[in-house]
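Asker: Okay, predicted coordinates and the sequence, questions at the end:
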Amino acid sequence: MIKSFPASRARTHNCLVIYSINVEDSCLEQFKHKYKKINDAVQEGEFPRTSTIIITLRKQIETKIEKTEWILSIFADTMRLLNSNYFLMKLAIPISDNCDKDLRFSHKSNLISSDTGFIKTLYLSKPIICYIEDKEGILMSHFCRLNISDSLKLSHFNDAYALMLKDLTKIIRKDPTLLWSLMPDLDKNTEFSELLGEIWQEIAKHELFYSSTEGWGYVAIEDMIINDVEDKSILQEILTKIYSETNYPVVIMPPHVLNALQKFSPKDSLQIMSPSQTSDILHNNVMLIETLKPNQKIELLRYLIKEPVVNSQNAWPSAAARYVLDLPLLLLSNQKFVKFQSANKAKSVYLVEKDYLKLFNLNDQSNMQYINPDLPKDILSIFKKSEFQQAHEKY
């Protein structure tokens, strides 16, 4: 049964303003269809079942009309811990920046179809209005003894939330920004820490992670490769290009999503790009380097040879030398890139201070080659380290 929103009241400059909030007619028809679909699934014993739509609410104050977008998700599940009955959970989440976040859904609103149940507003990444429709009134006796977090755990809120996100991947095909924003930030939600852990464990089970690599779309965590370098940087673009060209499903996710997955996803299920793996890809397809611009090659070089924060067992010099061996990433003073080569194969390559380089004949590269002194200082400083030079001599 679908009912209308009641008129609501607000005070503005000591004047009582009466306003109404209604679902747009086109959205209301879609909501009725989805609601019927849920009930039909319940009758056929399909559990759990969820259906998600984006609806438009219309708030009218006198002649002024304001429209806002909301996500509405309806979830049906058996009361596995209680008895064979079922309940419906409805989640309403604002999308528009101008949404009335203090909007109160009463039992007379058109999102509610039963006089038995409870409404709760909680805040994860966005304010969520959660209504649990308990047709038999059975849950209420349990919820009155529990806090909100335990109540939501009992009603399988984690299932409902993850399945709502899964539904949204079918609505939002190519821009995952909204989906990322709906994944809760652990550092900002200490009140629901245990509940959030269960939500993230459920999120990790679904294909919710968008890959821009052609032909992939939303993927599961065991399939994706995570690009975790600085957002919108040249290096991020380079690595995405390299991995995508070899058909890896590259996923660029916000830090709070990666942080949660590292805590709650199955052990060893996450793959994060590394200099070692990048080097292997490039050695198998050196032509990928040829498609890069000079500044991109320099950024890639820095990524491969940069000394890690934790240099366990002093493994860095040898690893860095191996990563770049036989890759054309060494920029000479004549602006040409040549391969890093082992000592027994290569011509001598000299690192000369810029002020002294003019003493040499740079046009004659037959016997002597010079590293470009205009390379970034951090890269030149690595070249000057004896342990890096010695590591190259071993190959």
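Answerer: Received the coordinates, thanks. Model, not experiment: these values are computed from the prediction.

Asker: I'd assumed residue 227 was in contact with residue 236.
Answerer: Yes: counting by C-beta atoms under 8 Å, residue 236 sits close enough to residue 227 to count as a contact (5.9 Å). Just so you know, the C-beta spots here come from the backbone N, C-alpha and C atoms, and that holds for glycine as well.

Asker: which one of those two has more residues nearby?
Answerer: residue 227 (24 against 18; other C-beta atoms under 10 Å).

Asker: pLDDT score for the more buried one?
Answerer: What the model reports for residue 227 is a pLDDT of 96.

Asker: So what's the residue count around the closest residue to it other than its chain neighbours?
Answerer: Spatial nearest neighbour of residue 227, excluding adjacent residues (C-beta to C-beta, 6 or more residues apart in numbering): residue 252 at 4.9 Å. With neighbours defined by other C-beta under 10 Å, the count for residue 252 comes to 20.

Asker: Now do residue 159 against residue 176, distance only.
Answerer: According to C-beta to C-beta, to the nearest Å, residue 159 stands 21 Å off from residue 176.

Asker: With adjacent residues omitted, what lies nearest to residue 184?
Answerer: What sits nearest to residue 184 in space, not counting adjacent residues and going by C-beta to C-beta, 6+ apart, is residue 124, at 4.0 Å.

Asker: who's in contact with the one you found?
Answerer: For residue 124, the contacting residues are 182, 184, 189, 192, 196, by C-beta atoms under 8 Å, 6 or more residues apart in numbering.

Asker: Mind checking which of residue 159 and residue 176 has more residues around it?
Answerer: Between residue 159 and residue 176, residue 176 has the larger neighbour count (other C-beta under 10 Å), namely 24 against 19.

Asker: Show me what the closest residue to that one other than its chain neighbours is bridged to.
Answerer: The spatially closest residue to residue 176, leaving aside those adjacent along the chain, is residue 210, at 3.7 Å (C-beta to C-beta, 6+ apart). When assigned by DSSP bridges, residue 210 has beta-bridge partners residue 218.

Asker: wait, residue 210 sits on residue 251?
Answerer: Yes: the pair residue 210 / residue 251 is scored as a contact, 6.6 Å apart, by C-beta under 8 Å.

Asker: Common neighbours of those two, please.
Answerer: Counting by C-beta under 8 Å, 6+ apart, the shared contacts of residue 210 and residue 251 are residue 219.

Asker: Identify all contacting residues around stretch 301-310.
Answerer: Outside stretch 301-310, the residues that touch it by C-beta under 8 Å, 6+ apart are 229, 235, 238-239, 275, 278-279, 316, 320, 323-324, 327, 329-330, 376, 378-379, 382, 388.

Asker: Look at residue 152 and tell me its secondary structure.
Answerer: helix (DSSP: H, G, I helix; E, B strand; the rest coil).

Asker: tell me which residues in whichever helix or strand residue 31 is part of are buried?
Answerer: Using DSSP states H and E, residue 31 maps to helix 25-43. Buried residues in helix 25-43, counted by 16 or more other C-beta atoms under 10 Å: 27, 28, 30, 31, 34, 35, 38, 41, 42.

Asker: Please name the residues that touch the residue nearest to the spatial centre of the chain.
Answerer: In the chain, the residue lying closest to the centroid (C-alpha atoms, centre = their mean) is residue 253, at 3.2 Å. Residue 253 sits next to 180, 209, 226, 261 when contact means C-beta under 8 Å, 6+ apart.

Asker: now with 10 Å?
Answerer: 176, 179-180, 183, 209-210, 224, 226-228, 231, 259-261 (C-beta atoms under 10 Å, 6 or more residues apart in numbering).

Asker: likewise residue 55?
Answerer: Contacts of residue 55 (C-beta under 10 Å, 6+ apart): 23-24, 26-28, 30-31, 34, 68-72, 92, 95, 111.

Asker: closest to residue 270 among those residues?
Answerer: residue 71 (27.3 Å; C-beta to C-beta).

Asker: On the three-state scheme, that closest one is what?
Answerer: Under three-state DSSP, residue 71 comes out as strand.

Asker: What's opposite it in the beta bridge?
Answerer: Beta-bridge partners, per DSSP bridges, of residue 71: residue 54, residue 93.

Asker: follow-up on the earlier one: make a PyMOL selection of the buried ones in the contacts of residue 253.
Answerer: Selection of buried members from those for PyMOL, criterion 16+ other C-beta under 10 Å:
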select buried, resi 176+179+180+183+209+210+224+226+227+228+260+261
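
Asker: Check pLDDT for the contacts of residue 253 and point me to the minimum.
Answerer: residue 231 (85).

Asker: so who does it touch?
Answerer: Neighbour list for residue 231: 252, 253, 254, 255 [criterion: C-beta under 10 Å, 6+ apart].

Asker: tell me the secondary structure for it?
Answerer: Secondary structure, three-state DSSP: residue 231 is coil.

Asker: could you check the distance from it over to residue 224?
Answerer: Going from residue 231 to residue 224 by C-beta to C-beta gives 17 Å.
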